[in-house]
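In: got a sequence here, can you model it:
(one chain, ligands or ions: 1)
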Amino acid sequence: MPRLDAAPHIELMGESAVLHWGSEVIRIPRLKHGALFLMSGYIGSQLWGCEYKLSLDYLRGRIINESTVYGLLEHSRQLGVDEEILGLDVGWTPVIINRGEEGAYFFNEKMRNWIGYADFTKPFIQEPSLVMVRSDVPILGLPDLIINVDGKPAYVIELKTTSNPRNIKVVRGRESLQAESYFHMLTYLGLDPRGVAVVKVIRGVDFRIIDNIDVIIKHMENAEGAITLTKHVVMHHIKVRSFNDFLKDVDYALEYWLGLRNPRPNPSRGLCSLCEHRRVCPYSVVR
Ligand code: SF4
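Out: Prediction:
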């Protein structure tokens, strides 16, 4: 049973790893690429993006560019936090976030912000850590912001920054599923959120999400769909499906990590043209 009063943590034991959660000890099954846990955002990428790209990211590394770093800086400005991963070097970078000693360290460090330790009497909580376990696999969720109302976590806000004004008008399937995953993880943990939204912001504009909490609450309570907060900021309400529908997506994503099926390619001009593996990928439609 998930517990709020005790943050889980991962312990490496030679070739294997276990999750400790209160008095429970869960042996983590062997996962693809030596992963120890899943980031909940992967589920949306696997279902709506290109799962084959995720697989190549682990095999070949991925590219961190100036725009990625600028996005992280804007993220920290919006939320009023320090992003610890700002030390990422620009260029090809191996994915270490959830595997090996770095993975265990990352997971356990994130538990400093465990949701069970949060003070819900504050107006909001930045970047709390959520965990759910499915098929003995820990899934880590890191929502950007949780807004509290009447001493309870009420609204989950996922922030997406962009330099392209056209991007703020649409929410992609993977972004929607990522935001929805946080809602369901809070429910799994026995908290009872009211709603979830993706807020899209043009980088560098004169707007800060944490200075506009009241406006966001007002729109979360009274509006639906996409709400233009300013010329450069659009808030998108996310329709939340049933917990069981969400679990079906989780199980599909886990099949890959558990080695039960191969990664699914999803070639398209839109995805391949932005993909760093397009020149070596056998499925690429953009060379
Ligand atoms: S090139 Fe296209 S099909 Fe290949 S991994 Fe990238 S997005 Fe997927």
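
In: how about the residues of the stretch 151-287 of the chain by the ligand?
Out: 265, 267, 271-272, 275, 277-278, 281, 283-284 (Cβ under 6 Å from any ligand atom). Just so you know, the C-beta spots here come from the backbone N, C-alpha and C atoms, and that holds for glycine as well.

In: now the buried members of those residues.
Out: Neighbour counting by 16 or more other Cβ atoms under 10 Å classes 265, 267, 271-272, 275, 277-278, 281, 284 among these as buried.

In: got the residues you listed as JSON lines, with secondary structure columns?
Out: Shown next, in JSON lines, are those (DSSP: H, G, I helix; E, B strand; the rest coil):
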{"residue": "265", "secondary structure": "coil"}
{"residue": "267", "secondary structure": "coil"}
{"residue": "271", "secondary structure": "helix"}
{"residue": "272", "secondary structure": "helix"}
{"residue": "275", "secondary structure": "coil"}
{"residue": "277", "secondary structure": "coil"}
{"residue": "278", "secondary structure": "coil"}
{"residue": "281", "secondary structure": "coil"}
{"residue": "284", "secondary structure": "coil"}
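
In: tell me which residues in stretch 59-66 are buried?
Out: Buried-residue list, stretch 59-66, by 16+ other Cβ under 10 Å: 61-62, 64.

In: show me where this protein has its helices.
Out: 40-48, 51-60, 66-79, 100-110, 173-188, 213-222, 243-257, 269-273 (DSSP state H).

In: got a list of contacts for the fifth one?
Out: The contact list for helix 173-188, computed with Cβ atoms under 8 Å, 6 or more residues apart in numbering, reads 2, 40-41, 43-45, 47-49, 115, 130-132, 139, 141, 143, 146, 153, 156, 158, 160, 192-193, 195-198, 238, 240-241, 243, 246, 249.

In: of the residues you listed, grab the buried ones for PyMOL.
Out: Restricted to buried positions by 16+ other Cβ under 10 Å, the PyMOL selection for the contacts of helix 173-188 reads:
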select buried, resi 2+40+41+43+44+45+47+48+49+115+130+131+132+139+141+143+146+153+156+158+160+193+195+196+197+198+238+240+246+249
